[in-house]
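A.B. asks: everything below, folded, please.
(4 chains)
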There are 2 protein chains.
Amino acid sequence: MVSPKEAQPSRDVELAWNALASSRLRVTRARRGILQVLASQHGPFSAVEVFERLEKGVCDLVTTYRTLTALEEVGLIRRCDFGDSCYRYEFNTGEHHHHHIICRKCRKVETVDLCVADALERLASRRGYREITHTLEVFAICSQCAKDHKSDE
Amino acid sequence: MVSPKEAQPSRDVELAWNALASSRLRVTRARRGILQVLASQHGPFSAVEVFERLEKGVCDLVTTYRTLTALEEVGLIRRCDFGDSCYRYEFNTGEHHHHHIICRKCRKVETVDLCVADALERLASRRGYREITHTLEVFAICSQCAKDHKSDE
DNA sequence: ATATGTGCAAATTCTTTGCATTAGA
DNA sequence: TCTAATGCAAAGAATTTGCACATAT
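C.D. replies: This next block holds a predicted model:
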């Protein structure tokens, strides 16, 4: 049914596949494959990066775009934006909210488990907003790149 | 020299024009006009939105892009990203750090004077990062759109 | 059986680049 | 004067759309 690489879905992935069904989304090869990539590899990834990580023939790039949009709409994955004009997606591990530190130079991404935006969300809530979400990304120069830069000049 | 609309720069704009000179950027019509728009109108605006607000003939769209990039590099304006695949810019009023609440439906933008990311920046600093900045945007459905939506269905 | 999902080609949107011309310092 | 800035045309990258065909439920 499924090829070797797809054959050992982790618990997370299996749960996500089931979630597909209850989201009135059909469980297709493209969706299984893309969830598998996002759940098992350390992202976040752009559409092209996801596509490159898919086993050959799972689906084409257009379907990757469509699938990412669909999965995000039902909340199985999350979209983030590192300010370099493409969207990135990562598996949504539920309540475990986190953020990223992106090195402006080498583009390395580090995860931070601290979320500080609750106060802001409460404020928005008091102002009458509903369905509140937020994006928060930290940009900086990592210690390695700072070092390299010094020796440049 | 300058046409009527450009003739009454506010104090902020004049300061910004002066700042251009000390940033090794030449003071041109395009730069004066774009700073004027961003300082006097409530943004943030995309490149196209800035261009549309410019008096006719100030510069073309390509120059608007180039100018926005240049002004951001010297810190006179700030770039933000509302997740709809285009960058937006706003006048940088200095230390007065703020964020936005963007309605996902009507795209209305409200400003919030509360910044909560200090803890996160300190954490990054402890991890060896330098030149730390962040982006933080809140997305939600505003009370008006929530109301409208109810009557839809 | 039938609505949903997919592939392919082509279109759109946002942004950047090349190069000859213009204009600040 | 002489380098930096601009306009125009064209290229490039990310993403979306249209439509015939394939597939999950």
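
A.B. asks: can you list the residues of chain A near DNA strand C?
C.D. replies: Within reach of DNA strand C by C-beta under 7 Å from any atom of the strand, chain A has these residues: A:25-26, A:28-31, A:58-60, A:62-63, A:66-67, A:70, A:85. C-beta here means a position set from N, CA and C on the backbone, and glycine is covered the same way.

A.B. asks: what residues are up against the closest residue to A:Cys86 other than its chain neighbours?
C.D. replies: Excluding the flanking residues, the one nearest A:Cys86 by C-beta to C-beta, 6 or more residues apart in numbering or on different chains is A:Ser46, at 4.7 Å. A:Ser46 makes contacts with A:86-89, as judged by C-beta atoms under 8 Å, 6 or more residues apart in numbering or on different chains.

A.B. asks: for the helix or strand A:Asn18 falls within, buried residues please.
C.D. replies: Using DSSP states H and E, A:Asn18 maps to helix A:11-22. Of all the residues in helix A:11-22, those buried under the rule 16 or more other C-beta atoms under 10 Å in any protein chain shown are A:12-13, A:16-17, A:19-20.

A.B. asks: one more: stretch A:122-135?
C.D. replies: A:123-124, A:129, A:132, A:134-135.

A.B. asks: over to stretch A:55-69?
C.D. replies: A:58-59, A:63-64, A:67-68.

A.B. asks: so it, near DNA strand D or not?
C.D. replies: Yes - using C-beta under 7 Å from any atom of the strand, stretch A:55-69 reaches DNA strand D at A:61-62, A:65-66, A:69.

A.B. asks: span of that stretch from start to end?
C.D. replies: Terminal residues of stretch A:55-69 lie 20 Å apart, using C-alpha to C-alpha, to the nearest Å.

A.B. asks: would a markdown table of the buried residues of helix A:11-22 with pLDDT and distance to B:Ala39 be doable?
C.D. replies: Below are the buried residues of helix A:11-22 laid out as a markdown table (pLDDT from 0 to 100; distance: C-beta to C-beta, whole Å):
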| residue | pLDDT | distance to B:Ala39 |
| --- | --- | --- |
| A:Asp12 | 81 | 49 |
| A:Val13 | 83 | 51 |
| A:Ala16 | 87 | 48 |
| A:Trp17 | 85 | 52 |
| A:Ala19 | 90 | 48 |
| A:Leu20 | 88 | 49 |
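
A.B. asks: quick check: angle from the top strand by length along chain A to strand B:130-141?
C.D. replies: Scanning chain A for the longest strand, with DSSP state E as the assignment, gives strand A:130-141. Interaxial angle, strand A:130-141 versus strand B:130-141 (axes from the mean of the first three to the mean of the last three C-alpha atoms, to 10 degrees): 170 degrees.

A.B. asks: what about A:Arg107, how many neighbours?
C.D. replies: By the measure other C-beta atoms under 10 Å in any protein chain shown, the count of residues near A:Arg107 is 11.

A.B. asks: quick one: mean pLDDT over stretch A:22-33.
C.D. replies: Mean per-residue pLDDT for stretch A:22-33: 93.

A.B. asks: can you mark which positions in that stretch are buried?
C.D. replies: A:25, A:29-33.

A.B. asks: what about the residues you listed, which are in helices?
C.D. replies: Residues of those located in helices (DSSP state H): A:29-33.

A.B. asks: how about A:Asp12, nearest residue that isn't a chain neighbour?
C.D. replies: The shortest distance from A:Asp12 to any non-neighbouring residue, by C-beta to C-beta, 6+ apart, is to A:Ala39 (4.9 Å).

A.B. asks: I'd say the one you found and A:Leu15 touch.
C.D. replies: No - counting by C-beta atoms under 8 Å, A:Ala39 stays clear of A:Leu15, with 9.3 Å between them.

A.B. asks: ok so, going back, show only the entries of the residues of stretch A:55-69 next to DNA strand D found in helices.
C.D. replies: Among those, DSSP H puts A:61-62, A:65-66, A:69 in helices.

A.B. asks: thank you kindly, that will do.
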